[in-house]
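# Pasting a predicted model and its sequence here:
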Amino acid sequence: MADTPRTVTAKALWAENPIFRQVLGICSTLAVTNLLANTLFMCFGVIFVTSLSNLTISLLREYIPKRVRMIVQVLIIASYVMMVDIIIKALNPDIHRFIGPYVGLIITNCIIMGRAEAFASQNKPWISLLDGFASGLGYSFILIAIALVREPLGFGTLLGYTLPAKDLWWHQWTIMVMPPGAFFMLAIVTWACRGLQVSKEKTT
Amino acid sequence: MNKSSPAYILTFTLIICAVFGTAVSLVHHGTRGMLEKNKKLHRNRVIARAFELDVPGESAAAYARALENAIQRDTLVHKERAFRTFTHTGQNHIGFVFSGMGFWDAITGILVLTGDLERVVNIQFLEQKETPGLGARIEEPWFTRQFKGLRIDWDALPAERIIVGPSPDPDAQNRVDAITGATQTSIALMRILNEELDTFRKARTASASERL
């Protein structure tokens, strides 16, 4: 069955979500989710790169020689990543100083290469753009969900703003902003989402 | 056209490289002004932090004004090394830009000392590309705070005037804790600081004797 915009979006966001279903792009998920602002910039970067690389690779799919297709895909992805890197550096150098190394690593993010190779190189431009965008969104919503827990528990803030009545409820839970906190949260999110998927399958 | 012929592959790859290379260059060119401005603001912020200046607001103009009022900039040249120096006009503190090779790439920062060069007042970093989460933690306040008031043991060997990490003397006054998991960065930082301190003191002595 051919992919429709609806199935492509549903798969990327939920049924085949890159993070909790395919377990791709975990490196940046663990690294940048201790602050929501960092997460948002990273998500912007990944959505931008997955969308445009999918579109470009799909537009060129008839012309890319099979033998060098991987190199060409990496070159296209790397160019967009460099653009994102420059743009984030210009817009917000403070965030860039923190997430800079991970922005560079978007090039090797398996979601992007995976979508380019599995989808964009075999489908039409419009649907490939949508697939890239939806995959980026699927990645983003999990990252944002994790950051929404880690930042308040670890720092007592959200987007840098102190949360109300912080003195009453907040105890510095340092582990939340350290790497182990990311592992715990990712495991909990994966467990919860997969649990939901399984219970849905059982009822249908 | 035969897509697997070497001529096609070569031409296609060259065109792709040229197109995307140009696109990246254009984006870079378009944001150059912003990048320059950000760089200047970052530098001013680090200097202000190093001297603990009171800056009203977060704007670039506020930092520029605060620095203009309190800090005198100079260059100290000794042999082939030129130090950018900063003197706090109100206090007798002098800062200079140090730099050297870290574990991955160059580390640059500002080291502020008391006027007699006996103690460290503060340390702040301008640029470093150490491992995120490990070596990159040299920028974090818990690490830089250790340098405040640190005595420089000028009588010790040139490589051990400031010690980052373990020392045979547990009560050493010139020692700060290294970063767990970032031994190479800690060793590199210790080497950079000691080398730069040595050269800086020589430069300062030479310039003072020239003035006499």
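Yep, it's here. Source: prediction; values computed, not measured.

# would you list every one of the helices in chain A?
In chain A, the segments counted as helices under DSSP state H are A:5-10, A:26-32, A:36-59, A:69-91, A:93-104, A:110-115, A:125-155, A:166-169, A:179-203.

# Get me the contact residues on chain A for chain B.
Residues of chain A found near chain B, taking C-beta under 8 Å from any C-beta of the partner chain as the criterion, are A:31, A:60, A:63-68, A:71-72, A:75-76, A:79, A:82-83, A:86-87, A:89-91, A:93, A:98, A:101-102, A:179. Where you see a C-beta, it was placed from the backbone N, CA and C, and this is true even at glycine.

# picking up where we left off before, can you put the helices of chain A in TSV and add mean neighbour count?
Below are these laid out as TSV (neighbours: other C-beta atoms under 10 Å in any protein chain shown):
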stretch	mean neighbour count
helix A:5-10	14
helix A:26-32	21
helix A:36-59	23
helix A:69-91	20
helix A:93-104	18
helix A:110-115	21
helix A:125-155	22
helix A:166-169	9
helix A:179-203	13
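
# To B:Ala64, which of those helices lies closest?
Distance to B:Ala64, taken as C-beta to C-beta, is lowest for helix A:93-104 among these, at 16.3 Å.

# Keeping just the C-alphas, turn that closest one into PDB.
The C-alpha atoms that make up helix A:93-104 are tabulated as PDB, following Å, rounded to 0.1, in the frame of the first residue of the first chain:
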ATOM      1  CA  PRO A  93      25.600  32.000  20.900                       C
ATOM      2  CA  ASP A  94      25.100  31.000  24.600                       C
ATOM      3  CA  ILE A  95      22.900  28.000  23.600                       C
ATOM      4  CA  HIS A  96      25.300  27.300  20.800                       C
ATOM      5  CA  ARG A  97      28.200  27.000  23.200                       C
ATOM      6  CA  PHE A  98      26.400  24.300  25.000                       C
ATOM      7  CA  ILE A  99      24.700  22.300  22.200                       C
ATOM      8  CA  GLY A 100      27.300  23.200  19.500                       C
ATOM      9  CA  PRO A 101      29.100  19.800  19.600                       C
ATOM     10  CA  TYR A 102      25.700  18.000  19.300                       C
ATOM     11  CA  VAL A 103      24.500  20.200  16.400                       C
ATOM     12  CA  GLY A 104      27.600  19.000  14.500                       C
END
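
# so what does it touch, helix or strand wise?
Helix A:93-104 sits against helix A:26-32, helix A:36-59, helix A:69-91, helix B:32-50, with contacts defined as 3 or more C-beta pairs under 8 Å, 6 or more residues apart in numbering or on different chains; DSSP states H and E.

# Can you check what angle separates that helix from helix B:32-50?
Orientation check (axes from the mean of the first three to the mean of the last three C-alpha atoms, to 10 degrees): helix A:93-104 against helix B:32-50 gives 120 degrees.

# can I assume B:Ala50 is in contact with B:Phe125?
No: applying C-beta atoms under 8 Å as the test, B:Ala50 and B:Phe125 come out as separate, 9.5 Å apart.

# quick one: average confidence on the longest helix along chain B?
Looking only at chain B and at elements set by DSSP H, the helix with the highest residue count is helix B:183-211. When the per-residue pLDDT values of helix B:183-211 are averaged, the result is 92.

# Show me what counts as buried in that helix.
Neighbour-count burial for helix B:183-211, with 16 or more other C-beta atoms under 10 Å in any protein chain shown as criterion, is recorded at B:185-186, B:188-190, B:192-194, B:196-197, B:199-201, B:203-204.

# Give me the buried positions along stretch B:135-148.
In terms of neighbour count (16+ other C-beta under 10 Å), stretch B:135-148 has its buried residues at B:Gly135, B:Ala136, B:Arg137, B:Ile138, B:Glu139, B:Phe143, B:Thr144, B:Phe147.

# Now do the same contact list for the first one.
Counting by C-beta atoms under 8 Å, 6 or more residues apart in numbering or on different chains, B:Gly135 makes contact with B:Gly102, B:Phe103, B:Trp104, B:Gln128, B:Ile179, B:Ala182, B:Gln184, B:Thr185, B:Ser186.

# and the fifth one, helix, strand or coil?
With DSSP: H, G, I helix; E, B strand; the rest coil as the basis, B:Ile179 sits in coil.

# what about it, distance to B:Ser186?
The gap separating B:Ile179 from B:Ser186 is 6 Å, by C-beta to C-beta, to the nearest Å.

# how close does the residue sitting nearest the centre point of chain A get to A:Val32?
Nearest residue to the geometric centre of chain A (C-alpha atoms, centre = their mean): A:Tyr139, 3.3 Å. In this structure, A:Tyr139 and A:Val32 are 11 Å apart, going by C-beta to C-beta.

# what's the overlap in contacts for B:Ile179 and B:Ser186?
For the pair B:Ile179 and B:Ser186, residues contacting each of them under the criterion C-beta under 8 Å, 6+ apart are B:Gly135, B:Ile138.

# Any stretches of chain A with poor pLDDT?
For chain A, the stretches with pLDDT under 70 are A:1.

# mind redoing it with 50?
When residues are selected by pLDDT under 50, none of them lie in chain A.

# burial count for the residue nearest to B:Arg73 when sequence neighbours are not counted?
Residue nearest to B:Arg73 in three dimensions, not counting chain neighbours: B:Phe86, with 5.8 Å by C-beta to C-beta, 6 or more residues apart in numbering or on different chains. Using other C-beta atoms under 10 Å in any protein chain shown, B:Phe86 is surrounded by 20 other residues.

# Can you check my assumption that B:Phe86 lies in a strand?
Yes: using three-state DSSP, the assignment for B:Phe86 is a strand.

# what residues does chain B put near chain A?
Close to chain A, as judged by C-beta under 8 Å from any C-beta, chain B has residues B:3-4, B:8-9, B:12-13, B:16-17, B:20-21, B:23-24, B:27-28, B:31, B:34-35, B:38-39, B:41-42, B:129, B:132-133.

# Recalculate using a threshold of 7 Å.
Within chain B, the residues that sit near chain A (C-beta under 7 Å from any C-beta of the partner chain) are B:3-4, B:8-9, B:12-13, B:16-17, B:20, B:23-24, B:27-28, B:31, B:34-35, B:38, B:42, B:132-133.

# Take those residues and, keeping just the buried ones, write it as a ChimeraX select command.
Selecting only the buried entries of the residues of chain B next to chain A in ChimeraX, with 16+ other C-beta under 10 Å as the criterion:
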select /B:9,12,13,16,20,24,27,28,31,38,42
